[in-house]
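All I have is the shape, not the residue letters:
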């Protein structure tokens, strides 16, 4: 099932997030990722949600969201060229013998070491969701103790440049 990314602008008032979460819960839909913060105008917040579902389901959810008080705009940005980012803190086992390898991996992923102890390293990773999956996969062999992730945030690219398309073109060209 496709995961859709919804960008929702709401009036920044108490209870808005509760009403949105309640709407999803009543209809039995899961929110896989949720990030909320102030938007470009004072008194307005942007909620970015990742929701599994087909196009018809997302269309129905969008209509339901618009019926909620305080919801100003709902946009499914899944197929639009976007800049996507996520922040993750990940605590990994790192004994003296494995520490150098963990730090080397962190450098490859442009992650920063933000805490160190005798037997762990905590890394800060910023990037697109694919980067998060990749670094978790690479660090798994060391033993992951804890992970905290913000959830995806996204803005539509005004340039119209679709980085996913560019990655595909680069892959095709490199194989020719």
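Looks like it came in fine. Remember, it's a predicted structure, so these values are computed and weren't measured experimentally.

Starting from the helix or strand hosting residue 130, tell me the next helix or strand along the chain.
Following DSSP states H and E, one finds residue 130 within helix 129-139. Once helix 129-139 ends, the next helix or strand along the chain (criterion: DSSP H and E) is strand 144-149.

Need the mean per-residue confidence for that next one.
Taken as a whole, strand 144-149 has a mean pLDDT of 97.

ditto for stretch 161-175
56.

Kindly report the same for stretch 118-125.
97.

ok, now stretch 76-83?
Per-residue pLDDT over stretch 76-83 has a mean of 92.

what's the following helix or strand after the strand of greatest length in the chain?
Counting by DSSP state E, the longest strand found in the chain is strand 82-93. Using DSSP H and E, the next helix or strand after strand 82-93 towards the C-terminus is helix 99-108.

so who does the residue positioned nearest the centre of the chain touch?
When the chain is reduced to its mean C-alpha position, the closest residue under CA atoms, centre = their mean turns out to be residue 152, at 1.8 Å. Residues in contact with residue 152 (CB atoms under 8 Å, 6 or more residues apart in numbering) are 5, 33, 35, 48, 50, 84, 85, 86, 129. Yep, even glycine has a C-beta here, placed from its N, CA and C like the rest.

Helix, strand, or coil at the fourth one?
The three-state label for residue 48, taken from DSSP: H, G, I helix; E, B strand; the rest coil, comes out as strand.

Next, count neighbours for it.
A count of nearby residues for residue 48, using other CB atoms under 10 Å, gives 22.

do the third one as well
Residues contacting residue 35 under the criterion other CB under 10 Å number 18.

And the average pLDDT for the helix or strand where it lies is what?
Residue 35 is part of strand 33-38, with elements assigned from DSSP H and E. Mean per-residue pLDDT for strand 33-38: 94.

what comes up buried for the helix holding residue 130?
129, 131, 132, 135, 136, 139 (16 or more other CB atoms under 10 Å).

Over to stretch 76-91?
In stretch 76-91, counting by 16+ other CB under 10 Å, buried: 76-78, 81-82, 84-91.

How about the contacts made by residue 153?
35, 37, 46, 48, 84, 85, 86.
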